[in-house]
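> Here's a sequence, model it:
(2 chains, ligands or ions: 2)
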Amino acid sequence: MRAIYIALNEVRLYLRDKGDLAFSLLLPIVTVALVYAAFGGETRFEGDAYVVDEDNGLYSNILIDQLEAVDGVDVELLTASEADAKLDNSDVLLVLFIPENFSEDLKSGEPTHLLFKQRGNAGDEGQIVRSIIQGVVSEINKEFTVRSQVAEIVQDRGITQDQIENNVQELLAEERARPLVGVNEEVLGGSSDFETQFLPGIVTMYVLFAVSMTARIIVEERRNGTLERLLSTRLSVGQLFLGKFLANMSRGFVQTLILLVLSYIVFQMFTPLTFLQSLVIALLFTAAVSAIGLIIASIAHSEEGASWIAVVFSVICFMFGGTFFQVAKDSAFYSISRISINTYANDAFDTILTGGGSLANVSTDLLVLVGVTVVGLMISRYLFRIVAGGK
Amino acid sequence: MAEDFLVATDLHKSFHDFKAVNGVSFSIAKGEIFGLLGPNGAGKTTTIRMLSTVLEADSGEIIIGGHSVRKKAESVRALIGVCPQELALYEDLSAMENLIFFGRMDGLNTRDARAQAEEYLKLMGLQDRAKGRVAKFSGGMKRRINLAIALMGNPQLVFMDEPTVGIDPQSRNRIYETIEGLQSKGMTILYTTHYMEEADRLCDRIAIMDGGKIIAMDTPRALKAQLGDSEKATLEDVFLNLTGRSLRD
Ligand SMILES: Nc1ncnc2c1ncn2[C@@H]1O[C@H](COP(=O)(O)OP(=O)(O)O)[C@@H](O)[C@H]1O
Ligand SMILES: [Mg+2]
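Numbering: from 1, shown residues only, chains lettered A, B, ... in the order given. Ligands and ions are numbered 1, 2, ... in the order given. As a prediction, this is how the structure comes out:
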C-alpha cells in the first residue's frame, strides 16, 4: 500500500513539473511526425482512379469493385459532365468511361469498349492508374471468356445459367486467392514497409532512454534529503523500490502508448489484435527497463553519474540490440546481441508485426523480459542496502 | 529520574579512515529534552543518523523504546520522528501534501494524516499556507514545515538536528514554543544546535561534543557551575572553554 503512495507521489511530482511533462508527451508526437515526414506514403503507390459509370450494370459494378480491391487505388465516381469539366481544368488527367450498354453487350456476347479520356500523357499517376485498370480489365476479359466457353460446352446438358455462374465464380475466387503464378516481393536496399520495421526500433530506443529517467530518481531523493527521511519512516526499502518502479514503468508506458496510438492512426500499421499484443510487449519491456534503471539508481551517487551509466547502457543496447539493422542469425554478432535487453523486445515486435505471429510465438522473449524485471528489482534493492549502508 | 527511553553505548563510525564518531555513550530519559552541542564537524549529525536507523554504526549499541536499532529497526522507526539538518521536503508539493505524504509513510490512514497535518500546521502558524507550494515559502516557513513533518505520526522520540539554523527570530521563537509544548505532552526530544542560549533555554541536560567524542555532559546549570560563578557564566563560556577558540569550518 505504501508502495502505491510512493508511486502516486512520484506521478504527482511528475505532473507538477510542466516542462518535463510537456517534453515527454511531445517526444512521441515529434517522433511520429519525423518518421512520417521521412518515410510516410512514399513506399507504395497511391492514386485515384476516376470513373464515369454510364452503365451501372452488373459488370460495370464488378469492374469497379475489382479496381477498388487493388492496393493503393481509390475509385472516385464522377458524372460525365463533372469528368469533362475536371479534364478541361486539368484537375484530373485521366478518366475511365464505362459505356451505357457495357453489361448488356457483354451478356449477349457483343464486343464492347471502355474509353479512357486523358489530358496530355495523363501524367505519371494517370499512366500508372491506366495500366492498373488495363490489368483489371484483361483479368475480367479472361474470366468472361472462361465463363462463356464453359457455358458453350455444357449448353445442352440442362444446367442453368446460375449454376454455371456460381461454379465459375467459386473457381475464380479460389484462383485469385491462390494463384498458379504468384508474385512475391523482395525489396533490396530498403524495406517495403518502413514503419513496420522501424517503429519497433524507435519504441525500444525510447524506452531505453527512460532508463536514464529512472536512474536519476533515487539520486534526486538523496539530494533532496527526502530519501533519508523516507528511510527513517516505516516505509521499507522494498516498498520504496516497488513504488518507484511502478511510477517509472507507468511513465514509460504512457509515452510508448502515445507513440503506438499515433503510429496506429498515422501509418495504419496495426490491426486491433496486433496493437493489443504490441502494448503487452511494450509494457513488459518498459517494466524490464525500469528495473534496470533502478539498479543504476541504487548505485549512483550523483545525477551525472546516473545519467552517464544510463547512457552507456543504452548505447550498448542499441549497438547490440539490432535496433536499426537486422542481426543475421548465424553471425557471431547474434550471440552478442542476446545480452542486449531490447533484442527481445525487437524480436517480439518483429514477430507480431511482420511475421504474423501471436504472443504465444514470442513467449520466450516475454519470459526473458519478465525475468529481467524480477531479478532487476531484487538486485537493485540488494545493492541499495550495501551502498547506502556505507554512506 | 524517569526510565531511559534511549540508550546509546560506545558508538563508533568512520568514513574511510576518518573517525567521525569515536566512542559516544549517553542516555535520554522519557520526556526529557536532551541537547547535543558542538562545533561544526563534531559528529552530531552522524550520531543522529545512526540513532534514527538510516546509518549503520561500525560498533556500539542503540536501544530505543526497548528495541535494538540493529535488530529491530522497523519497531524503532515506528517510535521516532526526524527533523534533518538539511531541509527534506518536496518543493513542488504544497505544505499539506508534504505532511500527508510523510504521514502515510508512517502508517497513518488518509483521515488521520489529514487531521494531524492540520493540527501541526496550526501549531507552526502555517494553517493559512496549507495549500501553498513549499518552493514559494520563506526559509523560516520551510524550516517549520521540516519540523512539522517530523511530528507526523505522533512519535514518542523526535530528533531535531539544528532545526533553527539560519532563520528569522519569529520563526525561531515559534519553534521554541512548539518544542516546549511537545515536552509538556510527554514527548522525548534530542536537540542539536550550536546556539548556546537556545540550549540553555530548552534543554534539561546537555552533552558537549567535539572531535567525535562527548567531552562534557550535565544540566546547563551544573555545566556553568564548573566555571565557578554559575550566575555570571554563560554556556558560551563553557563551550569555548571546553572546545577551544580556534575557528571551525
Ligand atoms: N558521508 C560522509 N562521508 C564522509 N565524511 C563524512 C560523512 N558524513 C560526515 N562526514 C564527516 O564527519 C565529520 C562529522 O560530521 P557531522 O556528523 O555532520 O558533524 P556535525 O553535525 O556535528 O557538524 C565531519 O568532518 C564530516 O566531514
Ligand atoms: Mg550537523
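> biggest helix in chain B by residues?
In chain B, with assignment by DSSP state H, the single longest helix is helix B:169-184.
> and whichever helix or strand comes after that one, which strands flank it?
Moving toward the C-terminus from helix B:169-184, the next helix or strand (DSSP states H and E) is strand B:188-193. If you go by DSSP bridges, strand B:188-193 pairs up with strand B:33-37 (parallel), strand B:157-161 (parallel).
> Ligand 1: which of those strands is closest?
strand B:157-161 (7.1 Å; Cβ to the nearest ligand atom). Glycine gets a C-beta too; all of them are placed from N, C-alpha and C.
> hmm, which helix or strand of chain B has the shakiest average pLDDT?
helix B:235-243 (a mean of 74; mean pLDDT, DSSP states H and E).
> Repeat that for chain A.
helix A:332-337 (a mean of 69).
> Need the residues that contact stretch B:191-201.
Contacts of stretch B:191-201 with the rest of the structure, by Cβ atoms under 8 Å, 6 or more residues apart in numbering or on different chains, involve B:33-40, B:44-45, B:48, B:85, B:160-165, B:176, B:179, B:202-203, B:206, B:220, B:234-236, B:238-239.
> any low-confidence regions in chain B?
B:1-2, B:227-233, B:245-249 (pLDDT under 70).
> Do I have it right that A:Phe270 meets A:Leu262?
No. Contact criterion Cβ atoms under 8 Å: A:Phe270 and A:Leu262 do not qualify, at 11.2 Å.
> hang on, isn't B:Asp210 packed against B:Leu37?
No. Using Cβ under 8 Å, B:Asp210 is not in contact with B:Leu37; the gap is 9.3 Å.
> quick revisit: so A:Phe270 and A:Leu262 - more neighbours on which side?
Between A:Phe270 and A:Leu262, A:Phe270 has the larger neighbour count (other Cβ atoms under 10 Å in any protein chain shown), namely 21 against 18.
> The closest residue to that one other than its chain neighbours: neighbouring residues, count only.
Excluding the flanking residues, the one nearest A:Phe270 by Cβ to Cβ, 6 or more residues apart in numbering or on different chains is A:Tyr264, at 4.8 Å. Counted with other Cβ under 10 Å, residues neighbouring A:Tyr264 total 16.
> Surely A:Tyr264 is in a helix?
Yes. Using DSSP: H, G, I helix; E, B strand; the rest coil, the secondary structure at A:Tyr264 is a helix.
> pLDDT weak spots in the stretch 101-250 of chain A?
Ranges of the stretch 101-250 of chain A meeting pLDDT under 70: A:177-197.
> where exactly do the strands run in it?
With DSSP state E, counting those that start in this stretch as the criterion, the stretch 101-250 of chain A has strands at A:115-118.
> Then chain B?
Using DSSP state E, the strands found in chain B span residues B:4-15, B:18-29, B:33-37, B:59-64, B:67-68, B:80-83, B:157-161, B:188-193, B:205-210, B:213-218.
> Rebuild the ones you listed as CSV, extending it with mean neighbour count and distance to B:Ala115.
Shown next, in CSV, are these (neighbours: other Cβ atoms under 10 Å in any protein chain shown; distance: least, Cβ to Cβ, whole Å):
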stretch, mean neighbour count, distance to B:Ala115
strand B:4-15, 17, 26
strand B:18-29, 18, 29
strand B:33-37, 26, 26
strand B:59-64, 18, 26
strand B:67-68, 15, 27
strand B:80-83, 26, 17
strand B:157-161, 25, 19
strand B:188-193, 24, 23
strand B:205-210, 23, 33
strand B:213-218, 16, 39
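> With distance to A:Ser24 added, can I get those in CSV?
Compiled in CSV, the strands of chain B are given as follows (distance: least, Cβ to Cβ, whole Å):
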stretch, distance to A:Ser24
strand B:4-15, 38
strand B:18-29, 41
strand B:33-37, 45
strand B:59-64, 43
strand B:67-68, 44
strand B:80-83, 33
strand B:157-161, 36
strand B:188-193, 42
strand B:205-210, 47
strand B:213-218, 51
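> mind putting the strands paired with strand B:188-193 in TSV, distance to B:Ile215 included?
Output for the strands paired with strand B:188-193, formatted as TSV (distance: least, Cβ to Cβ, whole Å):
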stretch	distance to B:Ile215
strand B:33-37	10
strand B:157-161	20
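> quick one, what contacts whichever residue of chain B sits closest to chain A?
Per Cβ to the nearest Cβ, B:Ala88 is where chain B lies closest to chain A, at 3.3 Å. The contact partners of B:Ala88, by Cβ under 8 Å, 6+ apart, come to A:Asn224, A:Gly225, A:Thr226, A:Glu228, A:Arg229, B:Asn146, B:Ile149.
> And for the third one, nearest residue in space, chain neighbours not counted?
I take that to be A:Thr226. A:Thr226 sits nearest to B:Ala88 (Cβ to Cβ, 6+ apart), 5.0 Å away.
> Check the last one too.
Computed as Cβ to Cβ, 6+ apart, the closest residue to B:Ile149 that is not its neighbour in sequence is B:Phe102, at 4.8 Å.
> Measure how buried the one you found is and give me the count.
28.
> show me what contacts it?
So B:Phe102 contacts A:Arg229, A:Thr233, B:Ile149, B:Met152 (Cβ under 8 Å, 6+ apart).
> Could you check how far it is from B:Asn109?
As for B:Phe102, its distance to B:Asn109 is 14 Å (criterion: Cβ to Cβ, to the nearest Å).
> when you scan stretch A:301-315, is anything in it near ligand 1?
No. Stretch A:301-315 stays out of contact with ligand 1 when judged by Cβ under 6 Å from any ligand atom, the minimum separation being 10.2 Å.
> Please apply the same query to stretch A:215-232.
No. Judged by Cβ under 6 Å from any ligand atom, stretch A:215-232 stays clear of ligand 1, getting no closer than 10.9 Å.
> how distant is that stretch from the center of its chain?
Distance, stretch centre to chain centre, for stretch A:215-232: 40 Å (Cα atoms, centre = their mean, to the nearest Å).
> buried ones in that stretch?
Using 16 or more other Cβ atoms under 10 Å in any protein chain shown as the test for burial, stretch A:215-232 gives A:215-219, A:221-222, A:224-232.
> residues from chain B in reach of ligand 2?
With Cβ under 5 Å from the ion as the criterion, chain B meets ligand 2 at residues B:Lys44, B:Thr45, B:Gln85.
> Next, the contact list for the residue of chain A found nearest chain B, please.
Going by Cβ to the nearest Cβ, chain B is nearest to A:Gly225 of chain A, at 3.3 Å. Applying Cβ under 8 Å, 6+ apart to A:Gly225 gives the contacts B:Pro84, B:Glu86, B:Leu87, B:Ala88, B:Leu89.
> What sits closest to it if chain neighbours are left out?
Going by Cβ to Cβ, 6+ apart, A:Gly225 has B:Ala88 as its nearest residue, at 3.3 Å.
> Which phi and psi values does that neighbour adopt?
Backbone torsions for B:Ala88, taken as degrees, to the nearest 10, come to phi -130, psi 80.
> do the same with A:Val70
The phi and psi torsions at A:Val70 (degrees, to the nearest 10) take the values phi -70, psi 130.
> Please determine how far the closest residue in space to it that isn't next to it in sequence is located from A:Phe313.
Counting by Cβ to Cβ, 6+ apart, A:Val70 lies nearest to A:Ile132, which is 5.7 Å off, once chain neighbours are set aside. A:Ile132 sits 50 Å away from A:Phe313, going by Cβ to Cβ.
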